[in-house]
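>>> Mind looking at a prediction? Sequence and model below.
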Amino acid sequence: MEPHYRVAIFGSARIREGDRDYQDVFRIAQGLAEAGFDIVTGGGPGLMQAANSGSKAAHSENSSIGLNITLPREQEPNPFLDIKQEFSIFSSRLDTFMQLSDAVVVAPGGIGTILELFYAWQLVQVEHICDTPIILYGEIWTSLLLWLETEVLPRGLFSRKDMHMIFHVTEPDHAVNLVRKIHADRLRDAHACKNFTKYRVELRSSDRTENISPL
């Protein structure tokens, strides 16, 4: 397997262990780590901790990475990190996320998670980074995608092609399998970065009830 293939997992610091979203993110990270992928998070509590602990639970040789931000409250590094880097400025932290990450999973979250989602999307749109799959995980994103399709897209404020790298899934296994397929095609030089449409079709075929980006 290609070394150091990394997946960033973004999500709320406020969702605690025992919550279904916490359990789901743990499963996603564990599945990705078992496939040999490094996991990159913000290094803090909540869903970041779920991802890092899921990574460690895989007992693989992958790395559990945390890019911690210094905040006056709620952001202390979680104990499941192999590698930790501290930041005091959000912009440099976001740039490091995108420099490190080959794929992005966006779990439920608030303002910080939304910032991370749109920053990643913007960089792909303007081709500052390679076409990076951005996988929205959970029902929480359904209304956002609907708003983009019904309010923003019809006004011509972005193009439908700008959605080609956006996926929406609601089952942990679907997130893991999608990353694995894209990575496998990249190893085969199958132009995975330019052919995301086929993964959307495959997901629809495998589970007709799965939520995929409507755009």
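Nice, I can see it.
>>> residue ranges of the helices in this structure, please?
Secondary structure of the chain, counting by DSSP state H: helices at 20-34, 47-57, 90-100, 111-125, 142-147, 172-187, 197-206.
>>> Residue ranges in the protein under the pLDDT threshold?
The model of the chain has pLDDT under 70 over residues 1-3, 73-75, 189-215.
>>> Just give me the residue closest to the centre of it.
Taking Cα atoms, centre = their mean, the centroid of the chain lies closest to Val105, which sits 1.3 Å from it.
>>> tell me the contacts of that residue?
By Cβ atoms under 8 Å, 6 or more residues apart in numbering, the contact list for Val105 reads 7-10, 28, 135, 137, 175, 179. For every residue, glycine as well, the C-beta is placed using N, CA and C.
>>> What about these, which one has the most neighbours?
Ile28 (31 neighbours; other Cβ atoms under 10 Å).
>>> can you pull the contacts of that residue?
Applying Cβ under 8 Å, 6+ apart to Ile28 gives the contacts 9, 51, 54, 105, 107, 137, 172, 175-176.
>>> and if you look at Ile65?
Contacts for Ile65 (Cβ under 8 Å, 6+ apart) come out as 6, 38-41, 43, 81-85, 100.
>>> Reformat these as JSON lines; add neighbour count.
Compiled in JSON lines, the contacts of Ile65 are given as follows (neighbours: other Cβ atoms under 10 Å):
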{"residue": "Arg6", "neighbour count": "18"}
{"residue": "Asp38", "neighbour count": "24"}
{"residue": "Ile39", "neighbour count": "31"}
{"residue": "Val40", "neighbour count": "27"}
{"residue": "Thr41", "neighbour count": "31"}
{"residue": "Gly43", "neighbour count": "27"}
{"residue": "Leu81", "neighbour count": "23"}
{"residue": "Asp82", "neighbour count": "14"}
{"residue": "Ile83", "neighbour count": "12"}
{"residue": "Lys84", "neighbour count": "14"}
{"residue": "Gln85", "neighbour count": "13"}
{"residue": "Leu100", "neighbour count": "16"}
